[in-house]
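Asks: Next input, structure requested:
(one chain, ligands or ions: 2)
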Amino acid sequence: MIHSKTKTKPQTYHVKSFGCQMNVYDGERMAEMLDAQGLTPAADGVDADMVVLNTCHIREKAAEKVYSDIGRLRRDDGSRPMIAVAGCVAQAEGAEIKRRTKMVDIVVGPQAYHRLPDLIDRAARGEEALDTDMPAASKFGVLPGRPKQPRPTAFLTVQEGCDKFCTYCVVPYTRGAEISRPWDAIIDEAKALVDGGAREITLLGQNVNAWEDDGKGLHDLIRALDRMERLERIRYTTSHPNDMSDGLIAAHGDVEKLMPYLHLPVQSGSDPILKAMNRSHTRDSYLRLLERVRAARPDIALSGDFIVGFPSESDTDFEQTLSLVREVGYAYAFSFKYSPRPGTPAADMKNQIAPEVMDERLQRLQAQIVADQLAFNQATVGKRCKVLIEKPGRKPGQLVGKSPWLQSVHVYADGAKIGDMIEVDIVSAGPNSLAGELTGKKEAA
Ligand code: 5AD
Ligand code: SF4
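Replies: Ligands and ions are numbered 1, 2, ... in the order given. From the prediction side, this is the model:
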């Protein structure tokens with residue numbers, strides 16, 4: 001039995017998001033919209049009447065994963081849920097997805113998911129249900145407002161898309177041109193999230209620091225959020241070095257609620273490779289920028305993204321990346337093997353790098369990154385800081401929260417609960433987390 005041909009509308013749904021934080025946010029907005037339509041969430045995909053796979057196209061491995069995930073939705077009796085492929089694979093591959101597998105009923109891109117209810121109706125009638133439009137009117141104007149949800153941390157998309165066209169990257173094609181959401185819409189959504197219980201908001205954008213509205217920049221928005229009484233912490237991600245304004249750097253120095261953490265991808269430490277990547281900054285301009293950020297906020301935790309094995313990357317180029325990583329001393333960093341993506345200029349470049357060479361470079365880079373993460377975490381041992389409790393730990397009585405520098409902190413804190421801001425002394429550190437002890441001070445949620 002194929003659900004889409006039964007002419008019944010689904011009653012239950014399950015949304016599964018892959019990839020970046022913006023996909024997590026989009027997945028939440030889709031779920032809220034389906035709730036508003038009267039559907040109920042199901043804990044598991046196979047049991048749901050309909051499943052949304054909210055996909056990522058950034059690297060080949062992520063993009064191919066959707067096809068194995070679809071296969072896993074076949075039930076023992078041969079039936080399956082109605083299946084919608086959403087997100088960046090939907091945008092990039094469109095109708096090709098339905099050619100590759102008969103198991104997909106709906107294909108919906110990241111700028112069109114406000115039309116999901118209509119697509120579900122069409123699929124239930126057995127009609128074509130594909131929408132990868134990038135309409136001029138934003139989906140945000142159509143989506144229902146944010147419901148009250150008791151959770152301490154929330155994402156809020158303020159900017160979407162990318163005009164930078166790095167030669168390896170699919171984002172300008174899957175997410176479209178850079179668009180900033182209007183000031184009022186963002187402030188309203190932030191208020192709704194804080195009313196619902198959010199104590200920390202992370203502003204999201206593919207180039208979040210390029211956000212602007214009527215002459216105002218991201219720092220103005222951050223200063224407005226800073227004035228919201230029950231909001232305690234503000235973060236933002238992901239930023240591009242070229243959009244790091246003086247105002248934003250200054251905000252790191254004097255906005256107390258703006259957490260001391262900056263994710264600022266550089267991708268490579270070699271100028272010829274940065275040029276081939278069309279990054280429009282140099283190793284030196286990036287390092288000088290970090291100096292200014294550190295001057296404004298000396299304890300800031302820096303994180304970055306790196307690609308190894310970009311076409312024509314020589315041993316010398318790679319050594320430059322390693323030396324940049326050592327020079328910066330990242331608190332956290334993500335590193336990836338270059339993955340050629342269809343339609344991007346780098347996929348057609350000569351001198352693609354052999355997989356064994358990429359493997360070896362990735363291993364060396366990750367060893368350096370882990371050592372630096374450990375050093376950063378160890379340097380916080382002995383410090384006293386606030387931790388926002390986010391979830392229970394694995395051991396009985398244990399809670400896990402985040403330090404201002406976005407480190408996971410494990411703590412035993414009798415009487416504390418999720419959403420509380422507690423004060424801890426950091427007592428030990430590993431490469432991925434810290435252990436803290438309660439100082440006795442607690443601000444209840
Ligand atoms: N191959 C490998 N990594 C990539 N990234 C983006 N495109 C590719 C690609 N084609 C990485 C970049 C980016 C992060 C989100 O993913 O480091 O900052
Ligand atoms: Fe993946 Fe980029 Fe799309 Fe996020 S925006 S889901 S990282 S391809």
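Asks: which one is residue 66 nearest to, not counting chain neighbours?
Replies: Counting by C-beta to C-beta, 6 or more residues apart in numbering, residue 55 is the residue found nearest to residue 66 once chain neighbours are left out, at 4.8 Å. Using the backbone N, CA and C atoms, a C-beta is placed for each residue, glycine as well.
Asks: Look up which helix or strand the residue of the chain at minimum distance from ligand 1 falls in, please.
Replies: Of all residues in the chain, the one sitting closest to ligand 1 is residue 305 (3.3 Å; C-beta to the nearest ligand atom). Counting by DSSP states H and E, the element that carries residue 305 is strand 301-308.
Asks: wait, doesn't residue 411 sit right on residue 424?
Replies: Yes - with contacts defined as C-beta atoms under 8 Å, residue 411 counts as touching residue 424 at a distance of 5.5 Å.
Asks: tell me, what's touching those two both at once?
Replies: 387, 436-438 (C-beta atoms under 8 Å, 6 or more residues apart in numbering).
Asks: Just the buried residues from the residues you listed, in ChimeraX please.
Replies: Here is the ChimeraX selection string for the buried members of the shared contacts of residue 411 and residue 424, based on 16 or more other C-beta atoms under 10 Å:
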select :387,436,438
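Asks: quick one: which of the shared contacts of residue 411 and residue 424 is nearest to ligand 2?
Replies: residue 387 (28.2 Å).
Asks: Checking my notes, that closest one in a helix, right?
Replies: No - Residue 387: not assigned to a helix; according to DSSP: H, G, I helix; E, B strand; the rest coil it is strand.
Asks: show me the contacts for residue 149.
Replies: 196-197.
Asks: on that earlier part again, which residues does the strand holding residue 305 contact?
Replies: By C-beta under 8 Å, 6+ apart, strand 301-308 touches 168, 260-268, 277, 290, 293, 318, 321, 325, 328-338, 358, 361-362, 365, 376, 405-407.
Asks: Could you verify my assumption that residue 332 touches residue 370?
Replies: No - Residue 332 is not in contact with residue 370 according to C-beta under 8 Å; the separation is 10.4 Å.
Asks: Comparing the two, which residue is more hemmed in?
Replies: residue 332 (20 against 13; other C-beta atoms under 10 Å).
Asks: Next up, phi/psi of the more buried one, please.
Replies: Here is the backbone geometry of residue 332 (degrees, to the nearest 10): phi -160, psi 150.
Asks: Also the one 5 residues further on?
Replies: According to degrees, to the nearest 10, the main-chain angles of residue 337 amount to phi -80, psi 140.
Asks: and it, how many neighbours does it have?
Replies: With other C-beta under 10 Å as criterion, residue 337 counts 17.
Asks: and if you look at residue 351?
Replies: Close neighbours of residue 351, defined as other C-beta under 10 Å, add up to 10.
Asks: Can you check the pLDDT for the nearest residue to it once chain neighbours are set aside?
Replies: Nearest residue to residue 351 in three dimensions, chain neighbours excluded: residue 312, at 4.1 Å (C-beta to C-beta, 6+ apart). Looking at residue 312, its pLDDT stands at 98.
Asks: Surely residue 312 forms part of a helix?
Replies: No - applying three-state DSSP, one finds residue 312 to be coil, outside a helix.
Asks: Settle this for me: it is touching residue 338, isn't it.
Replies: No - judged on C-beta under 8 Å, residue 312 makes no contact with residue 338 at a distance of 10.6 Å.
Asks: shared neighbours, these two?
Replies: residue 353.
Asks: Compare these two and say which one has the larger neighbour count.
Replies: Between residue 312 and residue 338, residue 338 has the larger neighbour count (other C-beta under 10 Å), namely 22 against 15.
Asks: sorry, back to before: which of the shared contacts of residue 411 and residue 424 fall within strands?
Replies: Taking DSSP state E, the ones among those that sit in strands are 387, 436-438.
Asks: Could you provide these in TSV, with additional columns for distance to ligand 1?
Replies: TSV is the format used below for these (distance: C-beta to the nearest ligand atom, whole Å):
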residue	distance to ligand 1
387	27
436	30
437	36
438	36
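Asks: and the residues you listed as TSV, adding pLDDT and distance to ligand 2?
Replies: Listed next are those as TSV, based on pLDDT from 0 to 100; distance: C-beta to the nearest ligand atom, whole Å:
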residue	pLDDT	distance to ligand 2
387	98	28
436	97	31
437	95	37
438	93	37
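Asks: farthest-separated two in the shared contacts of residue 411 and residue 424?
Replies: The distance between the two most remote of the shared contacts of residue 411 and residue 424 (C-beta to C-beta) is 10.7 Å, for 387 and 437.
Asks: joint contacts of the two?
Replies: Joint contacts of residue 387 and residue 437 (C-beta under 8 Å, 6+ apart) are 411, 424.
Asks: wait, isn't residue 346 in contact with residue 167?
Replies: Yes - contact criterion C-beta under 8 Å: residue 346 and residue 167 qualify, at 4.2 Å.
Asks: out of the two, which sits in the busier spot?
Replies: Legend: neighbour count by other C-beta under 10 Å for residue 346 and residue 167, higher for residue 346 (21 against 18).
Asks: Could I get the full set of helices for this structure?
Replies: With DSSP state H, the ranges of helices along the chain come out as 21-36, 60-71, 87-93, 96-100, 116-124, 171-174, 183-195, 218-226, 246-254, 271-276, 283-296, 315-328, 355-378.
Asks: Do you know the pLDDT at residue 151?
Replies: In the predicted model, residue 151 carries a pLDDT score of 91.
Asks: Tell me which residues touch it, please.
Replies: Contacts of residue 151 were listed using C-beta under 8 Å, 6+ apart, and they are 196-198, 419.
Asks: most surrounded residue in the residues you listed?
Replies: Neighbour count (other C-beta under 10 Å) singles out residue 198 as the most crowded of these, with 26 neighbours.
Asks: so what's that one closest to, chain neighbours aside?
Replies: Nearest residue to residue 198, sequence neighbours excluded (C-beta to C-beta, 6+ apart): residue 154, at 4.1 Å.
Asks: ok so, going back, now the residue nearest to residue 351: how far from residue 272?
Replies: According to C-beta to C-beta, to the nearest Å, residue 312 and residue 272 sit 8 Å apart.
Asks: Run through the residues that contact the residue nearest to residue 198.
Replies: Residue 154 neighbours (C-beta under 8 Å, 6+ apart): 193, 196, 198, 200-202.
Asks: One more: residue 300?
Replies: Per C-beta under 8 Å, 6+ apart, neighbours of residue 300: 252, 260-262, 293-294.
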